[in-house]
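S.K.: take this sequence and fold it.
(2 chains)
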Amino acid sequence: MTATADSHAGGEVGQARLRKEDARLIAGRTRWTDNMSLPGMMHMAILRSPLAHARINRIDASEARSMSGVEAVVTGADVADDQGSLPCAWPITEDMKSPNAPSLAVDEVNFAGEAVAVVVARSAAEAHDALEAIDVDYEDLPVVLDMSSAMTEGSDLVHPDLGTNASATWVFDSAEAGTGGSADEALAGAEVTIHRTFRQQRLIPAFMEPRSILVDPTGEQTTMWSATQVPHILRLMLAMTTGVDEHKIRVIAPDVGGGFGGKLQVTPEEVITFLVARKLGKPVKYTESRSESFTSAHHGRDQIQKLSLAADRNGTVTGLKVELLADMGAYLRLVTPGVPILGAFMFNAIYKIPAYHFSCTNVFTNKVPTDAYRGAGRPEATFAIERMMDELAAELGMDPLEVRERNWIKHDEFPYTTVSTLTYDSGNYEAATARARELFGYDALRAEQAERRRRGDTVQLGIGVSTFTEMCGLAPSRVLGALSYGAGGWEHGAVRMLPTGKVEVITGSSPHGQGHETAWSQIVADRLGVGFDDVEVLHGDTQSSHKGLDTYGSRSLTVGAMAVVQAADKVIAKARKIAAHMMECAEGDVEFSGGRFTVRGTDTSTSIQEIALAVFAAHDLPDGVEPSLDSEATFDPENFSFPHGTHLCATEVDTETGRVRLRSYVAVDDVGNVVNPMIVEGQVQGGLAQGIAQALFEEAVYDETGTLTSGTLADYLVPSAADLPSFTTDRTETPSTTNALGVKGVGEAGTIASTPAVVNSVVDAVRHMGVRDIEMPCTPMRVWRAIHGGAQ
Amino acid sequence: MRITVTVDGTRYTDDVEPRTLLVQYLREQLGKVGTVVGCDTSNCGACTVHLDGHSVKSCSVLAVQADGSEITTVEGLTRDGRMHPVQEAFHDNHALQCGFCTPGMIMQSVDLLAEDADPDEQTVREGLEGNLCRCTGYQNIVRAVQDAAHRMRPGAGPEAERVADEPAMSEQSRAEVRQS
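M.R.: Next up, the predicted model:
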C-alpha cells in the first residue's frame, strides 16, 4: 500500500509536533559535557604525535612536571599495564589481522594526531602550557599512505609485526551462496559491459560539538560524562578494555551535539581520562579542540571501488562485480572493518541483479582510523551503483530513469529476496519516482538541457538521478551474529506510570539531535491515551536507562521505539487486569481506548491515571498482582527495514570555470509510516546537505608526510548556508512490514541518496564534452580539468 | 588585568589573564555556558555573542578588549520569561536539531535582522555564512530567520539590548573586532 504524505488518522502520531527539546537549547540552558564542573576538578590536555609513523625513543616530561598547577604528566609507559587495547567489535573474518591499539602510544606512533602523553593540571591553560615543555624523541619510520601501493609486494608496512598491510579480505559470491549466477560468466557473455573505478574520498564527520569527557572517580561508581552516541556500549567496553568491573562504572551522555557516526566510538581519549582520573582520585575533564578532533576522532568513507557491470542491449543488468579497497587507517576501531561489509548488501540496491560478486580488502595506512560516518557502507555502495546505472544509460543512449525502471523490483514483487540475501519487506519505487519526476519538472529540464547543448551555452545543465534504498534498523541479532559482529542488535525500553498519572519512558536509544523526546512522547501518548506533555523520556544514563545499544544505523525508531511500544502494551495489559478487578467484570469485557478502560456495552469506565493511583495505594489489587504499573521490553527485529526514494538534482556547470551551481534538488523519500513529519523533513534536509558536501566540497587531505592538511574548519569545507540551495522534499508512504509501527528510519537517507544524484548531475552536464566521470569532491578545478583535459 | 563588563544585564569586575578569550571568560569565569566553542579558527560561529549590540565571534575577542562593554549572550535574549522572536521562530520552524550551533546562529540572526528587517533568502544565507550547522542543512534556519523578520518590528533586536551608557569601545576597535 502506498499513500501520499500525511495520511495519518488523528492522534499524536503523524502530527508535526514542535519539539520538546528546543526550549532549553534555544535559551542556552544546556548540558554539554564541557559545561560541567565538579569540585576539585582537574583539566587534561593531550600531546599528540606530529608524525605519521615513528618510534618513540624517549619522553622527557621533567620540566612539564615542575610547572605551575601541573598535577601529573602521564605517558603510555605509565599506563601500559592498565590501558588494554581499544576494542574492535567486528572481526569480519576468522583470520582478520588487528594490531594492538593502545589509547596512549607506548613505543610507536602510527598516525599524526595519535595521543602520546597527557598533562593534568589545575586549569586547561596550565595543562596546555605544560604540553609545550614535554620533549619527545621520535625516530622516523616509513610512512604508508596510499592503499593501492600499500598492497604491492615489498611495500613498507604500517604494522611490521602483522607482515602485511591487509587486515582482511571479505568475499560474497552469489553463485557460491546459491542466490544467483556467476558475475564473471555474466560479464564474459554480456552484450554490454561497463567498467569504472570510483574513489570515495576520506571524510570527517565534523559534528559541531567537539568531544568532551568528564570522569568523576570519587563515588562508589566511577562516573563518566561523555559526548558520545553510545553510552551503553561505552560502559561495557570500558570495563572490558581496562578490567574495571562493569558495575563500578556509570556512563552519562548528557546533551550531545551531533554525532553522524563520529561519536559511535570507544575513544582513546575516553579510556585515558578514565584511567587518569581513577589514578589521581580526582575529577578530570578533557575537551578537544576542533583541530584535535580532525586529527584524532575517526574519519569516514575512503574506499577505492572497482565495478564491472554486465547488461544486455535493452538495458537489463545481467551481472555486477565489485572489488573494493577500504582504508582502515592505522588501527581498527569499534566497527571499522565492518563498514565496507555493510555496503556489500547494498550494491545491488533496488535492482534485480541475477549475478553478483563482491570482494573487499581492508588496508592499513598511517592515517586516522576510519569508522562509521552517516550511512556507513551504504552511501559508498549507493554512489557506485547509481553512477553505474547512469553510465549504462549513457552507453545505451537510454534515459537513466528508464534504465532503472527496467531493472528495479516492482511494487507487487515484495517481499523480495535480493541476490545479496536480504529480503526487502516493502517498497514502491514507481510511486516515489513518479512523484519526484512531477515535482522536478523532469521533461522540461531535459528540453532545456537539449537546448543549451544545441546552442553551445557556456553554462550547461545536468540532471542527476538517484533511486536508492538502504538497510536500516540495525539489526536482527541473528544476522549480526552471522556477520561475526560482537553484539546483538536489540533495543530496550521501559514505561513507568507514576502515581499522579504522569509517565516516564526509558529508552536505550541515545539521541543527539534526533528528537527522541518528542517522537517517543507522541508514540506513548497515543498508546496509553495520555497527554503529550504528560510523558517524559529518559535516556543516555546507564543508571536510569540501564540497558541499551544506543543510536546509529537509523535504528532508534525502528528498534528503540518498538521496545517502548511493547513495554507500553505490557503496561496496558496489566492495567486491564486491574481495571476489570476495580469495575468488577471479566477481563475480557474490558475495552481500552483513549486512555480509558470501559466495561463493554456499559458506561462504566476508569482511566489509566486512576488505575496508576490505585496501584500506588495497593489497597485493593487482584490476588497475585504486584503493586506497580511499569514494564520493560527488549525488542529484537526480525528483519532490517528498507527506506527508499527517488532524488533528482539539476546542476548548472560553468564550462569555462568548472563552477557547479545546484539549481534544484527534489527528494521524494519513502520512510514508511511517519511519527513526526517535521522531524522527518529536517532529517532529510540535513542528510542532503551532508551528501552534497561529499559530492562537491569536503575532503580530508593528507600530504606526502602523512600530515592532515585539511585539519581545521578553514580547510575542511563543511558547507555554509550560502553554499546550499533550498530543497524540495516530499514523501510516499509504504509501511514497513517488519515492525508494528510500519516505520523504516530516516537518519541516513538524505546522505545516502544525494551524493550520486549530484555527481550524476555534474557528469551529465558535461557528458557531451567527452566526460565520463569526475572524482569527488567535484571542485571547480576537478570539473574544469575533466572538461579541458589534464590530470585530475 | 582588571576588566569591567556588563553581561546579560549584570555588571562584573574581574581579573583576567591577558590571553583569556572572551568566550573563555564568559564560560569559565562567569558560568555563561550557554555560549559554546565549536572550533579554534573562528569558522564555526558557535560562540557568537553581541558586543555593544553587534555580533562578534567571542573566540576572536580577548576578554580585555571587551572591557567597558555591554555583552549579550543567548542567555540574555529571553526577557521577562518571554523568548525573543528569533528564538520563537527557531522553535516553530524546527531550525535546530542537536542545538549546538543554535546559540551562535540565533545571535547572528538577531544581528542580521537588525541590519535588514526583511531579508530575502539569499541575504539570509549570506548573512549566516560564518555560522556552521551540521544537522539541519540550513533550510529551516533560513525559514526561521525570515519568519522572525515578519514577527519583529523594524529595529527590534540589538536596539532593544542597548543601555543608556556609552560603550567604552570605540567604533574603530569594534570594526577591527568584527573583521577578525
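S.K.: any idea which residue sits dead centre in chain A?
M.R.: Relative to the mean C-alpha position of chain A, the nearest C-alpha, by Cα atoms, centre = their mean, is the one of A:Arg374, at 3.6 Å.
S.K.: need the contact list for that residue.
M.R.: Residues in contact with A:Arg374 (Cβ atoms under 8 Å, 6 or more residues apart in numbering or on different chains) are A:205, A:260-261, A:300, A:687, A:690, A:747-748, A:751. (Each C-beta comes from the backbone N, C-alpha and C, glycine too.)
S.K.: mind checking pLDDT for the residue in chain B that chain A sits nearest to?
M.R.: Nearest residue of chain B to chain A (Cβ to the nearest Cβ) works out as B:Gly34 at 2.0 Å. Here, the pLDDT recorded for B:Gly34 equals 98.
S.K.: helix, strand or coil for A:Asn314?
M.R.: coil (DSSP: H, G, I helix; E, B strand; the rest coil).
S.K.: in what helix or strand does the residue nearest to the centre of chain A lie?
M.R.: Following DSSP states H and E, there is no helix or strand that holds A:Arg374.
S.K.: can you give me phi and psi for the most centrally placed residue in chain B?
M.R.: Closest to where the C-alpha atoms of chain B average out (Cα atoms, centre = their mean) is B:Val49, at 2.6 Å. Note on B:Val49: its backbone torsions stand at phi -130, psi 180 [degrees, to the nearest 10].
S.K.: so it bridges to which residues?
M.R.: B:Val56 (DSSP bridges).
S.K.: now do the same contact list for B:Leu62.
M.R.: B:18-22.
S.K.: ok, and the most crowded of the residues you listed?
M.R.: Tallying neighbours with other Cβ atoms under 10 Å in any protein chain shown puts B:Leu22 at the head of the contacts of B:Leu62, with 29 neighbours.
S.K.: hang on, that one packs against B:Ser58?
M.R.: Yes. Using Cβ atoms under 8 Å, B:Leu22 is in contact with B:Ser58, at 4.2 Å.
S.K.: could you list the residues in contact with the helix or strand B:Gln146 falls within?
M.R.: Counting by DSSP H and E, the element that carries B:Gln146 is helix B:139-151. Here helix B:139-151 makes contact (Cβ under 8 Å, 6+ apart) with A:682, A:685, A:721, A:724, A:726-727, B:85-86, B:88-90, B:92-96, B:105, B:109, B:112-113, B:117-119, B:121, B:124-125, B:127-128, B:133.
S.K.: can you list the buried residues in that helix?
M.R.: For helix B:139-151, the neighbour count (16 or more other Cβ atoms under 10 Å in any protein chain shown) marks B:139-149 as buried.
S.K.: nearest to A:Ser477, of these?
M.R.: Set against A:Ser477, the nearest of these by Cβ to Cβ is B:Asn140 (36.4 Å).
S.K.: contact partners for the closest residue to A:Ser293 other than its chain neighbours?
M.R.: Sequence neighbours aside, A:Pro210 is the residue nearest to A:Ser293 in space, at 5.1 Å (criterion: Cβ to Cβ, 6 or more residues apart in numbering or on different chains). Taking Cβ under 8 Å, 6+ apart as the criterion, A:Pro210 is in contact with A:34, A:227, A:287-290, A:292-293, B:37-38.
S.K.: from those, keep the buried residues only.
M.R.: Judged by 16+ other Cβ under 10 Å, buried ones among these: A:34, A:227, A:287-290, A:292-293, B:37-38.
S.K.: who is A:Gly672 paired with across the strands?
M.R.: A:Val743.
S.K.: measure it to A:Arg731 for me?
M.R.: Distance, A:Gly672 to A:Arg731, using Cβ to Cβ, to the nearest Å: 10 Å.
S.K.: between the two, which one's more packed in?
M.R.: A side-by-side neighbour count of A:Gly672 and A:Arg731, using other Cβ under 10 Å, places A:Gly672 first with 30 against 25.
S.K.: pretty sure that one is touching A:Ser736, no?
M.R.: Yes. Counting by Cβ under 8 Å, A:Ser736 is a contact partner of A:Gly672 at 4.3 Å.
S.K.: common neighbours of these two, please.
M.R.: What both A:Gly672 and A:Ser736 touch, as defined by Cβ under 8 Å, 6+ apart, is the set A:426, A:641, A:742-744.
S.K.: switch the residues you listed over to CSV; also include pLDDT.
M.R.: Shown next, in CSV, are the shared contacts of A:Gly672 and A:Ser736 (pLDDT from 0 to 100):
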residue, pLDDT
A:Ser426, 97
A:Ser641, 97
A:Gly742, 97
A:Val743, 97
A:Lys744, 97
